[in-house]
Every structure is written in structure tokens, then in C-alpha cells.
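Below are the sequence and a predicted model; questions follow.
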Number of protein chains: 2
Amino acid sequence: MSTAAPAPLLFDAGRLQALLERIAARIGARNVVTDPAELAPHLEEGRGLYHGATPALLKPADTAEVAFIVAECAAAGVALVPQGGNTGLVGGQVPFGALLIGLSRMNRIRSLDATDLTVVAEGGCTLHQVQQAAAEKGCLFPLSIASEGTCQIGGNLSTNAGGTAVLRYGNMRELALGLEVVLPDGRIWNGLSRLRKDNTGYDLKDLFIGAEGTLGIITAASLRLFPAPRQRTTTFVGLADPQAALALLNRLRNVAGDALTGFEFLPDFGLETVLKHVPGTTRPFTGAHAFYVLAELTSTRRDDDLAALAEGVLAEAFEAGEVEDAVIACSEAQSQALWKLRESLSEAQKFEGGSIKHDVSVPVSLVPRFIEEASRLCVAHMPGLRPCPFGHMGDGNIHFNLSQPLGMDKQAYLETWEEFNRIVHDLVATMGGSISAEHGIGILKRDELPLYKDPVAIALMATLKKALDPADILNPGKVVPPV
Amino acid sequence: MSTAAPAPLLFDAGRLQALLERIAARIGARNVVTDPAELAPHLEEGRGLYHGATPALLKPADTAEVAFIVAECAAAGVALVPQGGNTGLVGGQVPFGALLIGLSRMNRIRSLDATDLTVVAEGGCTLHQVQQAAAEKGCLFPLSIASEGTCQIGGNLSTNAGGTAVLRYGNMRELALGLEVVLPDGRIWNGLSRLRKDNTGYDLKDLFIGAEGTLGIITAASLRLFPAPRQRTTTFVGLADPQAALALLNRLRNVAGDALTGFEFLPDFGLETVLKHVPGTTRPFTGAHAFYVLAELTSTRRDDDLAALAEGVLAEAFEAGEVEDAVIACSEAQSQALWKLRESLSEAQKFEGGSIKHDVSVPVSLVPRFIEEASRLCVAHMPGLRPCPFGHMGDGNIHFNLSQPLGMDKQAYLETWEEFNRIVHDLVATMGGSISAEHGIGILKRDELPLYKDPVAIALMATLKKALDPADILNPGKVVPPV
């Protein structure tokens, strides 16, 4: 992890001023923001790891204005950082001296078709806005992440966002059918296909999805919708260990199939932390258990009996000694109360002092072994440490967070982050896992990449960056390790 | 369409001979095939559109040998065409003077894990082999296409194969988690991830999937599996027109959700052709209808009642006047008999003389309008023409085939192919569709691309080809239009 900000980019002041004037003449002076108070919320990264700096935030009104800005910046040799809702967790959206560009004025739903099951949304739409637009037409846009009220579609695409519904619906990549992108030289690629099948040449859209704004600026996207579920059942289960949770996942998946849309887990320390610090949360059953699972089933069928389906599988799991206790929500309110236990966890952890976080994945079958070994190794390295591994078991995605030992100085604790990176990421590597399951690389993990990723892959990344953005105009210094 | 083969590539005979000797020394002389009889089946394309030529077919035993071959070819400046099962429909696998490389000796299932729901298969495995390996462990590998006994995984990936299960499971692209690829300079990229979530940098695998062997040779892949369905129900429905079929699709999808795994259509002319020419086929119900749909529901649940689910939806559709007649299969044998009506269509068409074929897609909501307008325009252009539009309505994918007028000379008919391309593809373009939904570009449609694809997209394709294969070693002249 490198939380040290890179050296700021500096541009010739006169040239920069002339550039900003040309841009202001095109997009309007009020959309070239230089007021420090207005800039401030765009420069602070959510966890306080980075403090950015920029001469101005540019707010174009449409794709042509984005193209104009990029072309002008390319001509002037001035770098540009695209920023969505500024909710990224790896610093990819933070400018260090470059100009900032934001699409908040480009927030139209251009079209939505419930028969095609597609929506075309501009990059500045919030995720919540797209979810709402789909719901109004009886459809589901399934991407679901904690920041959905603030984060933007352009950012969701650029970071290939994940979340709690990936098990059934996939990451943002799998939800995108087509893109409109402004390239690093200002050309516009119109790839807003609404097709499920299109084999006319190379797959260009996936090059930009997950590239964190280093290869192009995503100005609009055509996204997949699904028929809205008519019902859901949420169950909260107490278990002896992660291995039992994996057994339950297999049981549920093999019988419920696609009806299983979520399979989240948290440890006892996590549940206790939530119950202690988050008002309105209550223990779902009397006893405590070492490990908990929240599973969700949904169905579009009219007279489906999901509760019976869940009960049947849970009864077998009890029989097999895999499950210790379980509750099935009987109402939407009960479902929401159970989800709150899982979703409040990141927030609640803040009350337990410093938290060193890892967002990793391993093959699903190795999740229990990973949790146990990583916890053991980390506690051995720092006795008193309180591991809080939670996340999306169905995707093999573990948020391996470590709360500080009680009484330790927070800053002193956070300064050991690198030591834990080495322990956790080394273990991930031996299991064929990923050091960034859903958060991306940005600047935070850029210099970790060469330690764990195939060097041919890194060389290919550099080749692609150079081919598409030879002047290094878009989000320089992010994602691709320096050669 | 350009069925004219490109001018053959010619290499200095002495240099070529020396290259083949170096390769033979490494992979064994018997794996450098030059015998014309043995080469012949690799040079004929299935529809007889192309006749290829090659100095030799190279058959490496493992990835290191593939890398050796590519590196040697790159050093000698000799081009190389990768070929899978030679079932491609656009000539992408045909060599015109270049060396041919085939992975039939690399046909191992490297691993299969029913908990992770992943299989790692080498590029030379047949699709059927992977389906079988999955079935043996109670899993499903859902890709299903007519050539599955012959086609190979490397080719399925390189052409992003589609088929009848895309509605629920997606194209080959959506089934791939990771790849191992030999690059045009002989480097090996090891990207055999078995992870559902991995956001560590650019998405490299999707660059090679669908690139038809022009950017790298896919030597192995990590693929997604699904829990095997415990039951299926097939229904065959007679309707008045394509619009009614679309209404039925919506009804089924909104209620059955993920249980709907196939939604195929064919016209009366298609069914009559099958009944006339394919032994063992019988009419599913007494009367004839203008249009037919085959829909399939599957479920992993133990005591699901899919027939009742289908009956409920069909009853409503009858009520609404959308459906004229329907039959629901009561046994696996009946299911298979219904599928045979759909799957025999391509074969049966051959008995009706020349067939001019198009593999197009439009947004799902426009399928009925496309079928009606395209049929009308084509018949107006050539009275007596017999349109046979069939395919995958749920994906918006129409195989818009045109059987020749009765009594017309076959060759004279086929010579009008270009005229129908213009009519059909122009209409596709006005509807935001694709001129190649699932077959790819190869050489057959390469020169159509500039007529219909965004020029920025074509320029980007050329940029990528040049960045990854600057010496044009892999499958030269395919997919990317000459600048």
C-alpha cells in the first residue's frame, strides 16, 4: 500500500490559464470551478488517505463538451482526472495537480426499454437513480453497493463495481452491453449497443470497464435490466465456522439455483460490533455463534414459496450438523433488519479504533482456509489484534479487515499496514487469489501489483496504455505500475 | 460478403524450410503435417466458400511448444493461422498460404472443481468433452451449439460462441473466468484465474475472446460451471406472427425469470421443410401456424412443477389471444423430439436449394418488425424467394436465411448474395443491430465492417492489432479491415 501521494503534476501557469479560458468559453465560466470551498469535497478521499490538488474542476454538459475538453487538454499536454461520486477506495479518483473532470451535469436516463430489458444512462447518473428508473418500469438493475446514493455510473463502470448481488447477476462488467467513450485524443467512440449478441470485431467496451479512467472517459452506457423479483426471503444463520458456511452455500446453490441471489458472511466479532454501536439493531437469535451467514433468495414467480425452499435446505443442514441456529424473515421489515446487521458493519468498525483493510478474493472452495490461516498469521504477528473477515462468500470475496488491539495507539497501529499487506497478500497469492477483488488498483495498490501479478500481464497493460494514451493525458500514474 | 480468397501469402522457400525443420526438431517431425491428404480436411471450410492453402499444419503438445512455434514464426516473419475444430462460418480459420497451427493434442481437462464451479480446459478440448466432464460432477457447462461434438474450446473462445442457452447463461465471453494465451511474440500470459472477482488492472482476457486468433493463441481457459438442472420442460407453441411470439417471451420471462433458459423461433416454411426432409420428425399439433416458438424451462429445485408454471403462462397467453396452439413435453423423449424440429432446420434447408444466410441481431423489441420488413424487402427484390428467419428471439438474434425461388439455378441464385446483404444489413443498421450476432467477422464479413461499424471503433481495432501484433504474425488479414 502506498498512501504517499505522488509528486504533483505541474504545468506552465500561462499555458494552463489559456487552456482554462478556452474551455470556459465553450462550457461556460461557471462550469470551470476554481473556488477552493467548492473544490474541497472533490479533493478529500473517503478514508482520509489522500489529499488531492487541482487547478480546476471542469463540468461539461454533454459528450461533445467532454470531447472538446479532452482534445484541448491533449493539445496542451495537460493531464485530466475523471471523477464520479468520489467514493472510490483506492485513490483512483484523486487528482495530484491534474485538472479534474466531473460528469454530474450529465445525469440523464437517455432511454429505458422494459421489453429489451435495457437502460441507457449517462455517466453522471447516480447508481440509485438508475435503480429507481428501472423499478418504475417493473425492472431490476441489480448492482447494489453501500455508496449507491452517491456513486455514479461512470465510476461504477470504470472500477467494475461489485457488491452483494454479484453471485447471481455479476459485476458491473457483466451488466454493461455498450458504452460511449471519449478517447484520450478527444475522439468519441459510439458503442452504445443494446444488443445481447454482437460479434463484429474486438471487444472494446471491456477495455474501458475497470480501467479507472486511464484509457477513456465513459460518458454513457447501455446496461442490462432484469425482470423485478416478486418476492424475497432473507435468512440469518449461526454456524460453528467458515467451513460450515461453505457447506451451506453448496446446499443452497444446488437446490435453489438462481433463486440464491446473496450469500454474505460475518464473524461473531463483527456482529457484536454492530449490536454494540449501531442503534436499532437487535440480535437475531438468543445465542452467539462463531460465524454468521445472511442468505437471500428471490423469485419472479407469482406463487413461489421461497420460505419453504429455505426451510427445506436449512433442515437438511441442521440434520447434517452444519447449522447451529437460523431465522427466516417473515416480512420485508424483518428482511431489512437482518440486512442492516450485515450492511452496518463497515460503519460500526470505526468505533473500534483503527482498521487495516484488505479487499481480496480466492477460489470459493478456499475461503474457509483463507479466513482461518490469515487470521492465525495476523494475530501471531500482533497479539490482541481483532480480525473481522466479512463479505461475499459466494464470490470468494473477503473483506479481510483487522481491528486494532484494544488500547493501542491508532496511528501507531495504522503505520503497520504494510506489514499486514505482506502477510495477507502473500497468502492470497499462494491460493491463486486477487489482492483487489472489487475496489480496483488506483494509486493505493499500484505498487503492490508487480509483487503479485504476472509480469506479462503488467507489460500488456503498459502496452495498451501506451497505444491508447501515448501522451499520458488521462489519469496519469494510476493503475499501471511505472516500468 | 467477400468469398474471394485473399491473395496467398508467399514466403521464401528456403527460409520456410529451415523454420519447419527447427519446429520439427522441437515438436517432432510427425507433428509437422505436410501430407496433402492429411491437410485436406483442414483446408476446406464447411460451406465450401473457401479453399485454403498451407505449407504445413503444426500440432504442438503443450503451451511451451505453442510459444516456441510462435516465437520462431515471429523471428522468421512467417504468418500463422490458429484453427480449432474448423467449424467456423466466416472463414476465420482458413489459411491462405500461412502456416496452420492446431491444438488437438492439447485436449486435457486440467482441473474441475464442483464447489468453485470452475473447470480449466485446454484449447484443444472439444466443447462436448467439457460438457461431459461437467456433467460427470453434477455440473452444467451451458454453452450449446450445433457443432459441439467437433468444435474446440479455443475456437469457441476466439469466436465468442453463442447458441441456444445465451438467454440465461450468456455467450462464451460470460462463461470465461481466465485464459492462458500465447502472444504474437511468443510470450505466455498466464491469466488462468478461477476468481469471480478480480479488479487488478485492465481486463486482458476479453481482448482475446472474440478476436478470432488475431491477437493471441488461447491455449487454455478457466470456465464457469453451474449446478446441473434437475428437470426441464419444453413447450412448442403455434402463433399468428412474430409479434405474438415477443408477447409470449415477455410473459414467460416476467414470471419464470431465470427458469426460462431458451426461447427459439422458426416460421411455418421452416417447420414444413424439416417435416419434409428429416426422417423421424412429426408435426407437434394438428394444424399449421404462421410462426412457432420452442421455449425451455429448467430448474435445480427438487420438487418444482415447471409444467404447471408453463401451463399457467400459456393459459394467460391463450386468454389474451396471443397463442393459437401449444404442446408441453411430458417426457425427456418428447422434449428431444421438439428440439429436433428446431435443431434440424439448418440441415433441412439444404434440400431446398441455395440458401443465402445472414446472422444478425437487433434489440429484442425490434425482432418482429425486422422479420416482417426484411422478408417483405427481400421478396420484393426477388419474387418467389422463400425467407426462413429463425433463431434465438430472447437474444434478438435472427438467422435470416433465404431459400432460393423454386426452379431457379442454384449458382445464379447464390451470386445475388451481395444484393441481399445490402438489403438486410442496411435494415439492421437502421435498427441499431449487428451484422454478425454470433458467427464473427473472419474474412467473410471483414469488408462489410466499414459500411456499418463506427469508424472510431474500427480505428481502435487497428490500434490494438498493431500494438499487440506489430509484425502481423497471427491470422493476418482477418477481422480488422485494411486501412
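Perfect, thanks for sending it.

Show me chain A divided up by domain.
With domains defined by automatic domain parsing, chain A comprises A:13-105, A:109-227, A:231-345, A:353-441.

Residue A:226: what's it in contact with?
Residue A:226 sits next to A:117, A:139, A:140, A:141, A:142, A:169, B:257 when contact means CB atoms under 8 Å, 6 or more residues apart in numbering or on different chains. Heads up, the C-betas are built off the backbone N, CA and C, glycines and all.

cool, and residue A:162?
With CB under 8 Å, 6+ apart, residue A:162 has these contacts: A:145, A:171, A:172, A:392, A:395, A:397, A:437, A:438, B:197, B:199.

and if we set it to 6 Å?
Contact analysis of residue A:162 by CB atoms under 6 Å, 6 or more residues apart in numbering or on different chains lists A:171, A:438, B:197.

Out of the residues you listed, which comes closest to residue B:430?
For the contacts of residue A:162, the residue nearest residue B:430 by CB to CB is residue A:171; the value is 32.9 Å.

Okay, now the unreliable bits of the stretch 251-400 of chain A?
Under the criterion pLDDT under 70, no range of the stretch 251-400 of chain A is flagged.

tell me which parts of it are close to chain B?
Proximity of the stretch 251-400 of chain A to chain B is confined to A:253, A:254, A:257, A:258, A:300, A:361, A:363, A:364, A:365, A:395, A:396, A:397 under the rule CB under 6 Å from any CB of the partner chain.

Give me the neighbour count for the last one.
Using other CB atoms under 10 Å in any protein chain shown, residue A:397 has 29 other residues around it.

Isn't it up against residue A:391?
Yes: Residue A:397 is within contact range of residue A:391, at 5.0 Å (criterion: CB atoms under 6 Å).

Now for those two: what residues contact both?
Joint contacts of residue A:397 and residue A:391 (CB under 6 Å, 6+ apart) do not exist.

Can you name the residues that contact the residue nearest to residue A:232 when sequence neighbours are not counted?
The shortest distance from residue A:232 to any non-neighbouring residue, by CB to CB, 6 or more residues apart in numbering or on different chains, is to residue A:298 (4.3 Å). Contacts for residue A:298 (CB under 6 Å, 6+ apart) come out as A:229, A:232, A:261.

just checking, what packs against the helix or strand where the last one lies?
For residue A:261, the host element (DSSP states H and E) is strand A:260-267. Counting by 3 or more CB pairs under 6 Å, 6 or more residues apart in numbering or on different chains; DSSP states H and E, the packing neighbours recorded for strand A:260-267 are helix A:242-256, strand A:291-299.

Mind listing the strands the shortest one pairs with, and their directions?
Here strand A:291-299 is paired, per DSSP bridges, with strand A:231-239 (antiparallel), strand A:260-267 (antiparallel).

Let me see the contact set for residue A:405.
A:384, A:385.

go with 10 Å
Residues near residue A:405 by CB atoms under 10 Å, 6 or more residues apart in numbering or on different chains: A:353, A:354, A:379, A:382, A:383, A:384, A:385, A:386, A:413.

try residue A:39
Counting by CB under 10 Å, 6+ apart, residue A:39 touches A:33, A:52, A:53, A:54, A:55, A:56, A:57, A:95, A:100.

Output the residues you listed in TSV, with pLDDT and neighbour count appended to each entry.
Listed next are the contacts of residue A:39 as TSV, based on pLDDT from 0 to 100; neighbours: other CB atoms under 10 Å in any protein chain shown:
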residue	pLDDT	neighbour count
A:33	98	18
A:52	96	23
A:53	96	15
A:54	97	24
A:55	96	20
A:56	98	20
A:57	98	22
A:95	97	26
A:100	98	24
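
which helices and strands does the helix or strand that the strand holding residue A:261 is followed by pack with?
Scanning forward in sequence from strand A:260-267 by DSSP H and E, the next helix or strand is helix A:268-277. Under the contact criterion of 3 or more CB pairs under 10 Å, 6 or more residues apart in numbering or on different chains; DSSP states H and E, helix A:268-277 touches strand A:231-239, strand A:260-267, strand A:291-299, helix A:332-343, helix A:345-349, strand A:386-392, strand A:397-403.
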